[in-house]
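Participant: Give me coordinates for this.
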Amino acid sequence: MTPASAPSAHWDLAVVGAGPAGAAAALGALHTDPGLRVALLDRADFPRDKACGDAVAPHVLDLLARVGVTGLLDDRIPVGRLRLGRGGLTAERPMARPAWVVPRRVLDARLA
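Facilitator: A predicted model of the protein is given here:
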């Protein structure tokens, strides 16, 4: 293919980093202007795994809903209680709103 016949790659916005923050930024931009051509870039291949607590707080789903993303974790079971323990001591209580436990490779792939 010659340079004159090669398709042009034109993007209105390039977001570097396709993790939760980058994906949310891209989704927010698309919600504001669905006609944007958005490139979501990451140096890692997806799905990827990352060491973290895998917890998704309820306010995260609120923010995603504001940019039109709903049902992201409908297949997951919410966690309504928090329990911390060390040695023979434990503290447990219900949370005001449930959270979700989702492996990062699942969450990242769904958001991207």
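Participant: what's the following helix or strand after the longest helix that the chain contains?
Facilitator: Using DSSP state H, we find that the single longest helix of the chain is helix 20-32. For helix 20-32, the succeeding helix or strand toward the C-terminus, using DSSP states H and E, is strand 38-41.
Participant: Partner strands of that next one and their direction?
Facilitator: strand 13-16 (parallel) (DSSP bridges).
Participant: what residues does the partner strand touch?
Facilitator: Here strand 13-16 makes contact (Cβ atoms under 8 Å, 6 or more residues apart in numbering) with 22-23, 25-26, 29, 36-42. C-beta here means a position set from N, CA and C on the backbone, and glycine is covered the same way.
Participant: quick one: the strands in the chain?
Facilitator: Listed in chain order, the strands of the chain (DSSP state E) span 13-16, 38-41, 55-56, 78-86, 89-101.
Participant: Any idea which of those gets closest to residue 68?
Facilitator: Comparing the strands of the chain by their distance to residue 68 (Cβ to Cβ), the top pick is strand 38-41, with 13.7 Å.
Participant: ok, so of the contacts of strand 13-16, who is nearest residue 88?
Facilitator: residue 23 (41.7 Å).
Participant: related to what we said a few turns ago, of the contacts of strand 13-16, closest to residue 100?
Facilitator: For the contacts of strand 13-16, the nearest to residue 100 is residue 23 (16.3 Å; Cβ to Cβ).
Participant: neighbours around the nearest residue to residue 17 once chain neighbours are set aside, how many?
Facilitator: For residue 17, ignoring the flanking residues on the chain, the nearest one in space by Cβ to Cβ, 6 or more residues apart in numbering is residue 42 at 6.1 Å. The tally of other residues near residue 42 (other Cβ atoms under 10 Å) stands at 16.
Participant: got the contact list for the closest residue to residue 76 other than its chain neighbours?
Facilitator: Nearest in space to residue 76, with sequence neighbours left out and distances taken as Cβ to Cβ, 6+ apart, is residue 100 at 4.9 Å. By Cβ under 8 Å, 6+ apart, the residues touching residue 100 are 55-56, 61, 73, 76-79.
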